[in-house]
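Participant: quick check, what structure comes out for this input:
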Amino acid sequence: MAKSRSVVELTTRYDLGGVDKIRSLCLSPHSDSQTLVYLGTFSGSLLLLSLDTSTNIVARLGTVSLSASPVESIFVLGQERGKVLALCNGYLFLVDSLLSRPAKRLGGVLKGINVVARRVRGRESSSSTDLLLLPSEVSAESSSSKKFLQMIGGGSRVSDVKGKDLRREGVHQGRYVFAVAISERMLLIELQCDEEDGKGDSFVVLKEIVGIVGVKTMVWLDDYVVAGTDKGYSLISCVTGQSGVIFTLPDVSGPPLLKLLCKEWKVLLLVDNVGVVVDTNGQPVGGSLVFRRRPDSVGELSFYLVTVGDGKMEIHQKKSGACVQSVGFGPEGCGPSVLAVDEAGDGNLLAVTTMSKVIFYRRVPYEEQIKDLLRKKRYREAISLVEELDSEGEISKEMLSFLHAQIGYLLLFDLRFEEAVNQFLKSESMEPSEVFPFIMRDPNRWSLQVPRNRYWGLHPPPAPLEDVVDNGLAAIQRAIFLRKAGMDTPVDEEFSSNPPSRADLLESAIKNMTRYLEVSREKELSHPVREGIDTLLMLLYRALNRVEDMENLASSVNNCVVEELESLLNESEHLRTLAFLYASKGMSAKALAIWRLFAKNYSSGLWQDSDDLVPYLHENELIRLSGKEAAAAEAARILEEPCDPELALQHLSWISDINPLFAIQVLTSDKRTEELLPEKVIQAIDPQQVEIIQRYLQWLIEDRDYNDPQLHTSYALSLAKSALECVEVQNGNQETDAGSREAHDCNVGSISLFESDVRERLQTFLQSSDLYNPEELLNLIEGSELWLEKAILYRRIGQETVVLQILALKLEDCAAAEQYCVEIGRPDAFMQLLDMYLDPQNGKEPMFKAAVRLLHNHGESLDPLQVLEKLSPDMPLKLASDTILRMLRARVHHHRQGQIVHNVSRALDVDSRLARLEERSRHVQINDESLCDSCFARLGTKLFAMYPDDTIVCYKCYRRLGESKSVTGRDFKRDVLIKPGWLVNR
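Facilitator: So this is what the prediction gives:
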């Protein structure tokens, strides 16, 4: 069971004195500082008290006698110059709000009344404050009420005043709707109150519902009446008049009791000490509420339920039913009690009656409730209360954020660091700079950024976490000592039974403060505060030795202040973090110096390289490198970015010694704004690092489009030298297969920067570039076995014969030799190649198969007589007979085909001459009726012209149109008109 807390506090008491006992009670606010209290007695009197809420003084204002029977219920109709409706002896009585006039009894059918219930509009109402509106207003705003009023019509008018029509005389009236239970029926009536003199008070019966027996209590919400009888609870529709049972009461149970919950617009039904909440349709909502005893009366105070009985008042949480406060106001067995809450006012005042006393209570402000809980270190209850206030909408966002921060501070000083940070994170108004004093002692760089927020003074001023832990442990020890001495001191039971160690508490404090700063980084803050968050976060990571988090923070976009961290990171030897931090702040020289130191120490053996490889993100792929390679990789990453070119050249050497790939990344970076001079780069690279130089020159030529002939020649010479070395290695290691593989790679034990071998790259470059000097290359490779490269170079300088000799005789590449002859495009090239095949020289056997292949593929391009002359007497006739025969046939076919083309051309020429002659010899007949096809003038004896499409124009139009374009718009030069002839058909 939760400990009791002060939700309400006693305001004042009032004793009626005498023998008159209180039966009913009602509160009505009269002004901001005055509340009217109406008391109904067992003797039938209605008393009026006035409570001054500012001075808590109660005054008796008036009394009016209704009957000799008890006053069962009281309703206040309106506040200023309003009316009071009371049920007494089965009749309804109306009296003015100040009880200054005698009461008026409503007669007619209103007699023998058991219960009266006032109609209340639910949350569908357009105004939550005006609970009682006219039926006409209700019908305009609620669809269900509209149906109801349309069905029941106007009703019958009953009045005790004769000879007057109040509506004609225009008297201002107030209208209120009630349900009254009389014997076996229920009447729905509308009261029409004359607020001037009371003479025009009357009522209208809106509907009569029969079959309702033994009603003891009622609640009318919207268009349904919940009625309680000795047998159970029923739901009655005011529209149809039908009723249904919600549930029945046990055989042995107390009388029914209902309470309207105006906050949720639901109804509480009680069965002894168990409460069930139902909605307007009679459906249960949520679980049951179990009270300690059966209450005499129930009230609603904000989000609490108040029950009274046996001289005790208990306040329960509305959702769970848990009792949060119990107040005794009379002896046990003091008789039935009545409870009333100022629901029409601010809802903070409530009154409880014994037989002859009225006790007034006021709800304690929630700030005071929370303060009291925090002073008693009942943090969970305080948090629960804050969350409940937020869910009920009774607290502003600013106050909610303030309370979360306040509770967080108290939890932090009470050494509950995780819970404290959880509260800090819930506070939207708390500034992250408020926690700076817990991490770094004042004064510091960010002392002026810490706001001086005014809290409730329940906690000491901020201090470093070490001091907070020390003071908290001292307070725990002091509380344990005082408890042993018999003094009641609030202390955490867990801490008192098992005190934590200082190291554990300090670690928890740092971890949770780190968590808060990590979340705070995502907020929109000023630059100084961002600097403080990142710098202090780095210090906390350092204290926890979270090296990976330190490096991630330093390498990302951050606002750390280097001056605050430089010496500390040096002392703790977190040099990688410091290097990342230097790089992120643009201090590249310092960062590179650290990475060079790393590489030097690893290489010299001063530092032992760890077996655990360092993670490195390369092109969005996580790879793992040794410590030395990781240092070179990070240095290369810095140099890839825009930086001083001299700095790049300075560190290029040691980076390339560790991993040439990283050096290439630096040299070929597209991010650099200032280009490196190729001459200086080549000077800075070790001449032994040939592949790095070649890869750099390749990047300059292919990607950067450098057109410097010297650069192209240097690249070609470098490739040629590497190719010569590979050939030498290959020739020296031909004895074993492994040696062949080594020779092919030419880079055993090193990292290759190229996917293809060096000869392939050399050949590709020689064919693609026109800017290198072929003579220099030929001088270099003249005596080597690089025949294909020589062929490319000789072709470049135009020595066709040498190229053919290399292709045909050295390389024996017939296809390449024939293709080269095709590119030359002269028939003598093929004859020269054939001569080489048939007479290779230097004691080499004739290449008859190659010669036959040449004759077969390109025989039509050769003169048969010259071929026959070239053929060697030693060549077997069987090899060449078919080819020579095919060549001769092709020659004859070519000759005859030429004759056909010649004769056809002559025939076409003759046909065109004949057609031209026919056109010129055509005759046309012109008479006096002939018209020009352009201007439509009569031709008569005028000069005229006729176009090939038979259109005739006068000479004037002919000069205007020209001789190639007729009046139809056809241009005979572009669109030739072809007429059928003896050889050519259209």
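
Participant: the bottom helix or strand of this protein by mean pLDDT?
Facilitator: Of all helical and strand segments in the chain, the minimum by mean pLDDT, DSSP states H and E falls on helix 166-169, at a mean of 31.

Participant: list the contacts of the residue nearest the centre of the chain.
Facilitator: With distances taken as Cα atoms, centre = their mean, E522 lies nearest the centre of the chain, 12.8 Å away. Contacts for E522 (Cβ atoms under 8 Å, 6 or more residues apart in numbering) come out as none. All C-beta atoms are positioned from the backbone trio N, CA, C, and that covers glycine.

Participant: is it in a helix, a strand, or coil?
Facilitator: The local conformation at E522, judged by DSSP: H, G, I helix; E, B strand; the rest coil, is coil.

Participant: for the one 3 residues further on, same thing?
Facilitator: In terms of secondary structure, L525 is coil; the call rests on three-state DSSP.

Participant: buried set for stretch 109-124?
Facilitator: V109, L110, I113, N114, V115, V116, A117, R118, R119, V120, R121, G122 (16 or more other Cβ atoms under 10 Å).

Participant: burial check on the closest residue to the last one other than its chain neighbours, number of neighbours?
Facilitator: In space, and not counting its chain neighbours, G122 is closest to W265: 4.0 Å by Cβ to Cβ, 6 or more residues apart in numbering. By the criterion of other Cβ atoms under 10 Å, W265 has 18 neighbours.

Participant: quick check: W265 touching T280?
Facilitator: Yes. Between W265 and T280 a contact is recorded at 7.1 Å, counting by Cβ atoms under 8 Å.

Participant: between those two, what contacts are shared?
Facilitator: G122, L221.

Participant: for P462, give me its contacts.
Facilitator: Here P462 is in contact with E434, V435, P437, F438, V450 (Cβ under 8 Å, 6+ apart).

Participant: how about it, secondary structure?
Facilitator: coil.

Participant: report pLDDT for it.
Facilitator: You'll see P462 listed with a pLDDT of 93.

Participant: measure it to W456 for me?
Facilitator: 15 Å (Cβ to Cβ, to the nearest Å).

Participant: swap in N281?
Facilitator: For N281, the distance to W456 - Cβ to Cβ - is 45 Å.

Participant: same deal with A344?
Facilitator: 32 Å.

Participant: and for G286?
Facilitator: From G286 to W456 the distance is 34 Å (Cβ to Cβ).

Participant: next: E418.
Facilitator: Following Cβ to Cβ, the distance that separates E418 from W456 is 22 Å.

Participant: out of those two, which sits in the more crowded spot?
Facilitator: Between E418 and W456, W456 has the larger neighbour count (other Cβ under 10 Å), namely 15 against 12.

Participant: now that one: phi and psi?
Facilitator: When read as degrees, to the nearest 10, the backbone of W456 gives phi -90, psi 0.

Participant: so it touches A405, yeah?
Facilitator: No. With contact defined as Cβ under 8 Å, W456 does not count as touching A405 (10.7 Å).

Participant: can you map out the strands along the stretch 101-250 of the chain?
Facilitator: 104-106, 113-120, 156-159, 173-182, 185-194, 202-210, 217-221, 224-228, 232-237, 243-248 (DSSP state E, counting those that start in this stretch).

Participant: distance between the longest helix along the chain and the chain's centre?
Facilitator: Criterion DSSP state H: the longest helix present in the chain is helix 877-920. The chain centroid and the centroid of helix 877-920 are separated by 80 Å under Cα atoms, centre = their mean, to the nearest Å.

Participant: which elements pack onto it?
Facilitator: If you count contacts as 3 or more Cβ pairs under 8 Å, 6 or more residues apart in numbering; DSSP states H and E, helix 877-920 packs onto helix 848-858, helix 864-870.

Participant: which stretch among those comes nearest D950?
Facilitator: D950 lies closest, by Cβ to Cβ, to one member of these: helix 848-858, at 55.1 Å.

Participant: and the angle for the closest one with helix 877-920?
Facilitator: 10 degrees (axes from the mean of the first three to the mean of the last three Cα atoms, to 10 degrees).

Participant: only C-alpha atoms, please: export helix 848-858 in CSV.
Facilitator: Provided in CSV are the C-alpha atoms of helix 848-858 (Å, rounded to 0.1, in the frame of the first residue of the first chain):
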residue,chain,number,x,y,z
PHE,A,848,54.2,-21.7,-97.5
LYS,A,849,51.1,-22.1,-95.3
ALA,A,850,51.2,-18.4,-94.5
ALA,A,851,51.6,-17.6,-98.2
VAL,A,852,48.6,-19.7,-99.1
ARG,A,853,46.6,-18.1,-96.3
LEU,A,854,47.5,-14.7,-97.8
LEU,A,855,46.5,-15.7,-101.3
HIS,A,856,43.3,-17.2,-100.0
ASN,A,857,42.3,-14.1,-98.0
HIS,A,858,43.5,-11.3,-100.2
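
Participant: return the set of buried residues in that helix.
Facilitator: In helix 848-858, counting by 16+ other Cβ under 10 Å, buried: F848, A850, A851, V852, R853, L854, L855, H858.

Participant: test my guess that the fifth one contacts C814.
Facilitator: Okay, so that is R853. Yes. Counting by Cβ under 8 Å, R853 touches C814, with 5.6 Å between them.

Participant: quick check: the gap between the residue nearest to G122 and S54.
Facilitator: Taking Cβ to Cβ, one finds W265 at 32 Å from S54.

Participant: so who does D279 touch?
Facilitator: Contacts of D279 (Cβ under 8 Å, 6+ apart): K266, V267, V285.

Participant: among these, which one lies nearest to H316?
Facilitator: K266 (15.4 Å).

Participant: burial check on the closest one, number of neighbours?
Facilitator: 22.

Participant: who does it bridge with?
Facilitator: Beta-bridge pairing for K266 (DSSP bridges): L261.

Participant: what sits against it?
Facilitator: If you count contacts by Cβ under 8 Å, 6+ apart, then K266 has V277, V278, D279, T280, V285 around it.

Participant: kindly write the ChimeraX command that selects the buried subset of these.
Facilitator: Here is the ChimeraX command that picks out the buried ones among the contacts of K266, judged by 16+ other Cβ under 10 Å:
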select :277,278,280
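
Participant: farthest-separated two in the contacts of K266?
Facilitator: V277 and T280 (11.7 Å).

Participant: SS state for the most far-flung residue of the chain relative to its centre?
Facilitator: Distance to the chain centre peaks in the chain at T941, reaching 94.2 Å (criterion: Cα atoms, centre = their mean). Under three-state DSSP, the three-state class of T941 is coil.

Participant: the contacts of P462: which two are farthest apart?
Facilitator: Of all pairs in these, the most separated under Cβ to Cβ is F438 and V450 at 10.3 Å.

Participant: tell me the mean pLDDT over stretch 420-438?
Facilitator: 95.

Participant: what's it in contact with?
Facilitator: Applying Cβ under 8 Å, 6+ apart, the set of residues contacting stretch 420-438 is 383, 397-398, 401-402, 404-405, 407-412, 444, 446-447, 449-451, 453, 461-465, 468, 509, 512-513, 515-517, 519-520, 523, 525, 529, 532-533, 536.
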